[in-house]
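>>> here is a sequence with its predicted model. Questions after.
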Amino acid sequence: MILKTELKDEKEIERFERALTSSRFGSRSAFLQHIISVYLLRSEEKRKPKFSDVSPQNDDDLEVTKKTIYVSNFLVKEAVKRADHYGMKFTVWVRNLIAANLTHQPIMTEQQIVELRAANRELASIGRNLNQIAKAMNQAVDLKVRDRVNYDHIVELQAGIEKQKKAIYKIVSESNSVWQVK
């Protein structure tokens with residue numbers, strides 16, 4: 001099929017030439033074929049149904065149902081290997097994989113839950129320290145007590161908070177990578 005078009009506007013011509021030179025395509029026809037295929041694929045994507053994240057609507061939705069599925073041997077072998085790596089039973093790993101990808105919510109392994117609890121305890125203790133500092137500063141009549149609580153203490157606490165926030169983010173990211181959730 002032969003398609004012809006004419007770019008009349010100088011700005012259109014300039015943009016097309018700039019896009020062509022910065023592309024990996026060596027010819028105008030290959031570049032145009034690429035543009036057309038991208039447009040057609042984008043149109044196809046619009047026709048695909050968009051699924052939202054799922055969540056339970058009532059208590060009955062939380063009941064566990066037994067279903068038999070058929071999976072190729074190479075997939076089962078890989079799933080068993082990954083489940084073993086995380087210290088989980090195969091069925092639990094597959095159930096969590098499905099849940100994480102449909103709900104887009106992190107599913108934590110036992111080790112991740114332990115790490116998350118430790119990070120939360122650390123944040124709670126930092127919060128208590130901040131409360132104690134604020135109380136001491138508010139009750140200090142003389143400046144000597146206030147002078148002992150200085151900027152360095154606040155910076156140190158802020159660094160501790162950032163460290164714990166990063167630890168929590170890392171745990172959630174690791175969970176998402178376990179289940180291949182993006």
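Sure, I can see it.
>>> tell me where this protein has strands.
Ranges of strands within the chain: none, based on DSSP state E.
>>> need the helix or strand of it with the lowest average pLDDT.
Least confident helix or strand of the chain, by mean pLDDT, DSSP states H and E, is helix 143-148 with a mean of 55.
>>> any idea of the mean pLDDT in the longest helix anywhere in the chain?
Under DSSP state H, the helix in the chain containing the largest number of residues is helix 110-139. Averaged across helix 110-139, pLDDT comes to 81.
>>> what does stretch 53-69 give?
Stretch 53-69 carries an average pLDDT of 84.
>>> buried ones in that stretch, by neighbour count?
Buried residues in stretch 53-69, counted by 16 or more other C-beta atoms under 10 Å: none are found. Placement of C-beta: from N, CA and C, glycine included.
>>> what do you get for stretch 92-99?
Under the neighbour-count criterion of 16+ other C-beta under 10 Å, stretch 92-99 has W93, V94, N96, L97 buried.
>>> which residue ranges form the helices in this structure?
Under DSSP H, the chain gives helices at 10-22, 28-47, 73-85, 90-103, 110-139, 143-148, 151-178.
>>> let me know the closest of the buried residues of stretch 92-99 to S72.
V94 (13.6 Å; C-beta to C-beta).
>>> so the protein: which segments form each domain?
10-47, 66-178 (automatic domain parsing).
>>> end to end, how far does the last one reach?
The first and final residues of domain 66-178 sit 23 Å from each other (C-alpha to C-alpha, to the nearest Å).
>>> got the angle for the longest helix of the chain vs helix 151-178?
Per axes from the mean of the first three to the mean of the last three C-alpha atoms, to 10 degrees, the angle that helix 110-139 makes with helix 151-178 is 160 degrees.
>>> any idea how far helix 110-139 is from the chain center?
The chain centre lies 25 Å from the centre of helix 110-139; the measure is C-alpha atoms, centre = their mean, to the nearest Å.
>>> check which helices and strands it is in contact with.
helix 143-148, helix 151-178 (3 or more C-beta pairs under 8 Å, 6 or more residues apart in numbering; DSSP states H and E).
>>> mind doing that once more with 7 Å?
Counting contacts by 3 or more C-beta pairs under 7 Å, 6 or more residues apart in numbering; DSSP states H and E, helix 110-139 packs against helix 151-178.
>>> now the helix it packs on and helix 90-103, what's the angle there?
Using the same axes, to 10 degrees, helix 151-178 lies at 110 degrees relative to helix 90-103.
>>> and helix 151-178 with helix 73-85, angle?
150 degrees.
>>> list the buried residues in helix 151-178.
G160, Q164, A167, I168, I171, S175, N176, V178.
>>> by contact count, what packs against it?
Applying 3+ C-beta pairs under 7 Å, 6+ apart, one finds that helix 151-178 makes contact with helix 110-139.
>>> if you count neighbours, what's buried in the helix it packs on?
Judged by neighbour count using 16+ other C-beta under 10 Å, the buried positions of helix 110-139 are Q112, E115, L116, A119, E122, L123, I126, L130.
>>> great, nothing more from me.
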